[in-house]
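Engineer: quick check, what structure comes out for this input:
(chains A and B)
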Amino acid sequence: MTKSKFAILVSFSVLSIFCGMFFGAAQLDLAGIFQCISHDCASNVDEAIFWQVRLPRVLVGFLVGAGLAVAGATLQNVYRNPLADPYLFGVVSGAGLGASIATLLFNGSLASQSSLFAYLAQIPFSYALPLSAFLGAFFSVILVQILSKRLFGERTEFLLLAGVAVSFMLSALSHFLLFMAEPFAANKVIFWLLGSLASAQMWFVWIMLPVVTIGVIVLWLYGRHIDAMLLGDENAQTLGIKVDSLRLLVLMICAALTSCIVAYCGGIGFVGLMIPHIVRGWFGVTSRSLIIGCVFVGGSFLIWIDVVARVIIENQEIPIGIITSAIGSIFFLFTLQQSRGR
Amino acid sequence: MGMTGKAMLKLSNLSYQIAGTTILSDIHFQADTGSVIGILGPNGAGKTTLLKLISGQLSSQQQVFWRSNAIENLPAIARAQQIAVVNQFNSRVFNLNLEQIVSMGLLPHQTLFSKVSIAQKDVISTALEQVGLSAKAKQPFHSLSGGEQQRAQIARALVQTAGLFVLDEPINHLDVYYEHQILSLLRKIAKQQNVTIVMSLHDLNHAAEYCDQLCLLAEGKLMSFGSPQEVLTQTRLQQVYKTPCDVVIKPSTHKIRIEFYPPNIEQADVANGRNVIND
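Structural biologist: Residues are numbered from 1 along each chain as shown, chains lettered A, B, ... in the order given. A predicted model of the protein is given here:
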């Protein structure tokens, strides 16, 4: 990646973060934002909107986009499959199952039955939901990995298919649980599954920032090793790479990134598929420049999609996952058609 | 055989079984530094398995030694620093360019944190120059011809600065021009840079022309090891390939020429050949 391209990326991202703060139900003008940053906000309402609503939302958006895009890019390179996406490994359905179980366990109706449930019901739902979603997502990735290894051995092309199968299985389970649960809880889970940044708070940033930063740095460091995987497993091995361990490391980091994101923001699909494809065209296929490109392009992309989600219908927000899935599915078909032509 | 010097590559009583079936049995030979070894034999003779044992991709029960170390005892990185494997690869998913592929040869010499030094950049450009691809450094790998791709892989091995190159049929699918280009390039590398080269070949005439020593396999057994003249005799080739053949020395070049005939041709016609070498 050239220095000028890098500079353009960074400035575009800063601009996106800045612009992203203007859009929303309440009006904040340019002078107001400058005043908030430099000394003090004009009013308490402005201050609350700026620090507690807009800023965390934009930052979370950037981290979500960056994390999903980087996870997609590295998984694609390490599995040599341009259609690999963290979501195809069953992350969302696993998180959904975790969330469904949480709604059943924490809604208090079971509390009378045993002291364990009574204890669990005391944990605030806003903590319990992301935590169990995280566990569910991680469980799903491990399950996909073990199943595909057992059933298909070294044939990694089957991993994605195993992921799709596991996704359906886990979705069926969570749909059943939601069907049995009370309607209010079910509603909450469904809205969460659609993906949204609406509930973003500053403490999301403090959890996501270290996870995404460490994940991206480790993946970047292994970038050259991941590149060698593009030559095929056998060639990579003769270059001194422990292929299985590297693939497991990348998968675990990507699972951690995606589970963390899904746990707080729900299912935001296709970002990990779309962004790496675009970035490859601009910055090439080698993992290190791809990862850097994905951080900035993915982050900025999600900020702007979130802006669209906020302004497209007046006085209402639509879940961001609906928009990314709509764009992504069309993009997916377009990519398939292009690769057929090649 | 002239193997009195310190042998760089040594195979002693090498055998290999898969699920009780013997693929190779009692293979033994030694090779000096800078020599070109050709592995010959009919399909299924065990050539590829032997190459994978030599490169350490398969476990050899510590019967393969490189510079007095059992190859499989070397850690993966140390092995990659000393042994380069040139395989064909067909992954067309993501389009790396030629230079990116060649620079992957640096990997065994890098840590996670190391930068590419100026000296390493020189190694890359020298390697590209040696294989005659400097002008195409930025081109996508898949836009290159088969011969150019093979030369790019050889350049990667050069960047790896290994002392032993292992190549499985390096001239497969190449036309006559590239066959000679690749083989003479490999021979030049062996002689100029003291690289030991072990490669499997199908064409016996190429093997005779470009290799110092030949290893002839049949059904997993070592039929013969030695110079082309020692190994490529008419009776032995007829026995191994089960096809009548004619082995002559061309008077102009003193090189061995081998010609196989369809089995239904009269043996008498074959035997009429001049300068027939007998065992």
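Engineer: quick check: residue B:197 is in a strand.
Structural biologist: Yes - secondary structure of residue B:197 (DSSP: H, G, I helix; E, B strand; the rest coil): part of a strand.
Engineer: report the closest residue of chain B relative to chain A.
Structural biologist: residue B:80 (3.2 Å; CB to the nearest CB). Every residue, glycine included, has its C-beta placed from N, CA and C.
Engineer: which SSE is that residue in?
Structural biologist: Following DSSP states H and E, one finds residue B:80 within helix B:76-82.
Engineer: can you list the strands that the next helix or strand after that helix pairs with?
Structural biologist: As assigned by DSSP H and E, the chain's next helix or strand after helix B:76-82 is strand B:83-86. Paired with strand B:83-86 in the same sheet, following DSSP bridges, are strand B:164-168 (parallel).
Engineer: for the chain, which helix is longest?
Structural biologist: Going with chain A. helix A:125-152 (DSSP state H).
Engineer: look at chain B instead
Structural biologist: Longest helix of chain B, by residue count under DSSP H: helix B:176-193.
Engineer: now do it: distance to the chain's middle.
Structural biologist: 11 Å (CA atoms, centre = their mean, to the nearest Å).
Engineer: what about the helix holding residue B:80, average pLDDT?
Structural biologist: For helix B:76-82, mean pLDDT rounds to 94.
Engineer: buried residues of that helix, list them for me.
Structural biologist: Using 16 or more other CB atoms under 10 Å in any protein chain shown as the test for burial, helix B:76-82 gives B:76-77, B:79-82.
Engineer: among these, which two are most distant?
Structural biologist: Spatial extent of these (CB to CB) is set by the pair B:76 and B:82 at 11.3 Å.
Engineer: residue numbers of chain B in contact with chain A?
Structural biologist: B:55, B:57, B:76-77, B:79-81, B:83-85, B:87, B:89, B:91, B:93-97, B:100-101, B:104-105, B:107-108, B:110, B:112-113, B:160 (CB under 8 Å from any CB of the partner chain).
Engineer: mark which of those residues are buried, thanks.
Structural biologist: Neighbour counting by 16+ other CB under 10 Å classes B:55, B:57, B:76-77, B:79-81, B:83-85, B:87, B:94, B:96-97, B:100-101, B:104-105, B:107-108, B:110, B:160 among the residues of chain B next to chain A as buried.
Engineer: tell me who's in contact with the closest residue to residue B:145 other than its chain neighbours.
Structural biologist: Nearest-residue entry for residue B:145: residue B:178, 7.7 Å, with adjacent residues in sequence omitted and distances by CB to CB, 6 or more residues apart in numbering or on different chains. Contacts for residue B:178 (CB atoms under 8 Å, 6 or more residues apart in numbering or on different chains) come out as B:145-147, B:150, B:171.
Engineer: JSON lines for those, including neighbour count, pLDDT and distance to residue B:127?
Structural biologist: Output for the contacts of residue B:178, formatted as JSON lines (neighbours: other CB atoms under 10 Å in any protein chain shown; pLDDT from 0 to 100; distance: CB to CB, whole Å):
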{"residue": "B:145", "neighbour count": "11", "pLDDT": "88", "distance to residue B:127": "18"}
{"residue": "B:146", "neighbour count": "15", "pLDDT": "86", "distance to residue B:127": "19"}
{"residue": "B:147", "neighbour count": "17", "pLDDT": "87", "distance to residue B:127": "16"}
{"residue": "B:150", "neighbour count": "24", "pLDDT": "90", "distance to residue B:127": "14"}
{"residue": "B:171", "neighbour count": "24", "pLDDT": "90", "distance to residue B:127": "20"}
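Engineer: now do the spatially most central residue of chain B, the pLDDT please.
Structural biologist: Closest to where the C-alpha atoms of chain B average out (CA atoms, centre = their mean) is residue B:199, at 1.2 Å. Reading off the confidence values, residue B:199 has pLDDT 97.
Engineer: how about it: what's its closest non-neighbour residue?
Structural biologist: The shortest distance from residue B:199 to any non-neighbouring residue, by CB to CB, 6+ apart, is to residue B:167 (3.9 Å).
Engineer: just confirm the one you found contacts residue B:198, I think it does.
Structural biologist: Yes - with contact defined as CB atoms under 8 Å, residue B:167 counts as touching residue B:198 (7.4 Å).
Engineer: the host helix or strand of residue A:18: how far from the chain's middle?
Structural biologist: Remark: residue A:18 resides in helix A:3-20, with elements defined by DSSP H and E. Distance of helix A:3-20 from the chain centroid (CA atoms, centre = their mean) equals 21 Å.
Engineer: helices and strands around it, which ones?
Structural biologist: Packing partners of helix A:3-20 (3 or more CB pairs under 8 Å, 6 or more residues apart in numbering or on different chains; DSSP states H and E): helix A:55-78, helix A:287-311.
Engineer: in it, what's buried?
Structural biologist: So for helix A:3-20, counting by 16+ other CB under 10 Å, buried means A:9, A:13, A:16-17, A:20.
Engineer: tell me the residues of the stretch 101-250 of chain A that contact chain B?
Structural biologist: A:221-222, A:224-225, A:227-228, A:230-232, A:234-235, A:237-242.
Engineer: do that again at 7 Å, thanks
Structural biologist: Counting by CB under 7 Å from any CB of the partner chain, the residues of the stretch 101-250 of chain A lying close to chain B are A:221-222, A:224, A:227-228, A:230-232, A:234-235, A:237-240, A:242.
Engineer: now those: which count as buried?
Structural biologist: A:222, A:224, A:227-228, A:230-232, A:235, A:237-240.
Engineer: narrow those residues to those in strands?
Structural biologist: Using DSSP state E, no member of these falls in strands.
Engineer: export those as a markdown table, with columns for distance to residue A:254 and pLDDT.
Structural biologist: Below are those laid out as a markdown table (distance: CB to CB, whole Å; pLDDT from 0 to 100):
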| residue | distance to residue A:254 | pLDDT |
| --- | --- | --- |
| A:222 | 12 | 97 |
| A:224 | 18 | 95 |
| A:227 | 17 | 94 |
| A:228 | 18 | 93 |
| A:230 | 17 | 91 |
| A:231 | 21 | 90 |
| A:232 | 21 | 88 |
| A:235 | 23 | 92 |
| A:237 | 22 | 94 |
| A:238 | 26 | 94 |
| A:239 | 22 | 95 |
| A:240 | 23 | 94 |
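Engineer: just the pLDDT at the residue lying closest to residue B:147 once chain neighbours are set aside, thanks.
Structural biologist: Nearest residue to residue B:147, sequence neighbours excluded (CB to CB, 6+ apart): residue B:178, at 3.3 Å. Residue B:178 is assigned 88 on the pLDDT scale.
Engineer: my guess is residue B:16 contacts residue B:27. True?
Structural biologist: No - contact criterion CB atoms under 7 Å: residue B:16 and residue B:27 do not qualify, at 8.5 Å.
Engineer: grab the nearest non-local neighbour of the residue of chain B closest to chain A.
Structural biologist: residue A:240 (3.2 Å).
Engineer: could you do residue B:79 as well?
Structural biologist: residue B:56 (5.1 Å).
Engineer: got a list of what the one you found touches?
Structural biologist: B:71-72, B:74, B:79, B:83 (CB atoms under 7 Å, 6 or more residues apart in numbering or on different chains).
Engineer: over to residue B:10?
Structural biologist: Per CB under 7 Å, 6+ apart, neighbours of residue B:10: B:30, B:65.
Engineer: how about it, secondary structure?
Structural biologist: Going by three-state DSSP: residue B:10 is strand.
Engineer: run through the bridge partners of it.
Structural biologist: Under the criterion used (DSSP bridges), residue B:10 bridges to residue B:30, residue B:65.
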